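Enquirer: return a 3D structure for these sequence lines:
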Amino acid sequence: MAKQEIDIRKIEDIAQRLRAIAHPVRIKIISMLDKQQEMNVTTIYNKLEIEQAAASHHLNILKSKGILQSRRDGKNTYYSLKPNSISNLLDCINTCAK
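Expert: Have a look, this model is predicted:
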């Protein structure tokens, strides 16, 4: 069986994404968005009972790592899970684990 070459950049990208989701608040945000599909920042921080700045910080981390996407509607920003972001991450982990 031929050894599969490891793409270090891909492994680092996956590690950064895993670090991004490995926080209790961010896991809760992902869970909420999995159920609600889309939520605005105000709804998110109210449900989490945290400050707006803290919610925005966590949302920006998840967005910058490709887990979330956002759209503006007037003064509101709505967040949703980026299609297949979590399943693609899990697929990559499964591939790397073989």
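
Enquirer: in the protein, what helix or strand scores lowest on average pLDDT?
Expert: helix 85-97 (a mean of 70; mean pLDDT, DSSP states H and E).

Enquirer: how many neighbours does Leu48 have?
Expert: For Leu48, the neighbour count with other Cβ atoms under 10 Å is 15. In short, each C-beta sits where N, CA and C put it, glycine included.

Enquirer: ok, it touching Lys28?
Expert: Yes: using Cβ atoms under 8 Å, Leu48 is in contact with Lys28, at 6.2 Å.

Enquirer: would you mark the buried spots in stretch 21-34?
Expert: Across stretch 21-34, burial judged by 16 or more other Cβ atoms under 10 Å covers Ile21, Val25, Arg26, Ile29, Ile30, Met32, Leu33.

Enquirer: report pLDDT for the first one.
Expert: Which is Ile21. Listed pLDDT for Ile21 reads 89.

Enquirer: likewise the second one?
Expert: Looking at Val25, its pLDDT stands at 96.

Enquirer: excluding sequence neighbours, find me the nearest residue to it.
Expert: In space, and not counting its chain neighbours, Val25 is closest to His58: 5.1 Å by Cβ to Cβ, 6 or more residues apart in numbering.

Enquirer: tell me how far that neighbour lies from Ile11.
Expert: Distance, His58 to Ile11, using Cβ to Cβ, to the nearest Å: 24 Å.

Enquirer: please identify which of the two sits among more neighbours.
Expert: His58 (21 against 12).

Enquirer: who's in contact with the more buried one?
Expert: Taking Cβ atoms under 8 Å, 6 or more residues apart in numbering as the criterion, His58 is in contact with His23, Val25, Arg26, Ile29.
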